[in-house]
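J.: this is a predicted model, with the sequence first.
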Amino acid sequence: IKRVTTHTIQELKNKGEKISALTAYDYSMARAVDAAGVEVILVGDSASNVMAGHETTLPITLDQMIYHASSVVRAVKRALVVVDLPFGSYQGNSAEALRSAIRIMKESGAHAIKLEGGQEIRESIVRILSAGVPVMGHLGLTPQSIYKFGTYAVRAREEAEAAKLMTDAQMLEEIGCFGVVLEKIPAALTKQVSQALQIPTIGIGAGPDADGQILVVHDMLGINNEFKPRFLRQYADLHSVMKQAITNYVDDVKSRDFPNEKEAY
Ligand code: KIV
Ligand code: NA
């Protein structure tokens, strides 16, 4: 199998083919996501929510991200594996940002990292890129800043914030990022940014004109059924499937149906 690289996804944008991306945080899920042909697997800090049950992405640690990332890397044969730098591991100190990025690359075997923000974290991104680590940007709704925003509502509806987002996106391209996630912004702005940039944009809640789409795999499979924003298309109801299967198991144990003769030695 030919591996997906940052160059592969640039070629997809160049020829007008959309890029598919999903999150994964563990070995078994990553096997399914990779086998289905998704080009980019993000080990997102959304693991803080869907794996650990935290309300925000802020509590997850660098060590925990490395644990998730190394599990995913062991499963993946084809996809490009991108890992989020967690809150507190890069903001405001480019030396620490580089150290965090290097730990992820060395200890997990991932292929690239992602950071949230624009101008504020420019130095950190430049420093990581100079070490040869591919970087993906993330603009719009950036959940690590939720306590600054105060809400998970759509971002960049106002002219000034939209203009800053465009400037930040162009800056990210200029310094050498290989792509940028656009989260929860108006579809029209996504279209403008995607046309202005050479590098691919990957949208979530950002409309049809991003160069690719990403969803949190637990949300799109309905494993997590507590989160149903308008942008989410739910492809399965696995929470119900799992609950029913487990209920059947409990019944079989109680009724002594399980294990039967063939299931015993
Ligand atoms: O952590 C995450 O899952 C993400 C995606 C939603 C882009 O950052
Ligand atoms: Na994230």
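T.: Nice, I can see it. Ligands and ions are numbered 1, 2, ... in the order given.

J.: that's a strand at residue 116, yeah?
T.: No: Residue 116: not assigned to a strand; according to DSSP: H, G, I helix; E, B strand; the rest coil it is coil.

J.: OK, contacts around it?
T.: 138, 142-145 (CB atoms under 8 Å, 6 or more residues apart in numbering). The way it works is simple: take the backbone N, C-alpha and C, and place the C-beta from them, glycine included.

J.: from those, which ones fall inside strands?
T.: residue 138 (DSSP state E).

J.: which single one of the contacts of residue 116 is nearest to residue 237?
T.: residue 143 (24.9 Å; CB to CB).

J.: name the nearest residue to the closest one, sequence neighbours excluded.
T.: Distances taken as CB to CB, 6 or more residues apart in numbering put residue 57 closest to residue 143, at 4.8 Å, once the chain neighbours are dropped.

J.: again, but for residue 162
T.: residue 156 (4.5 Å).

J.: what residues does stretch 56-67 touch?
T.: Stretch 56-67 is contacted from outside by 43, 45-49, 52, 54, 83-89, 100, 103-104, 107-108, 143-144, 146-147, using CB under 8 Å, 6+ apart.

J.: ok, that stretch near ligand 2 or not?
T.: No: Stretch 56-67 does not reach ligand 2 (CB under 5 Å from the ion); its nearest approach is 5.9 Å.

J.: return the distance of that stretch from the chain's centre.
T.: 13 Å (CA atoms, centre = their mean, to the nearest Å).

J.: between the two ends of that stretch, what distance do you get?
T.: End-to-end distance for stretch 56-67: 19 Å, by CA to CA, to the nearest Å.

J.: what mean pLDDT does that stretch have?
T.: Mean per-residue pLDDT for stretch 56-67: 98.
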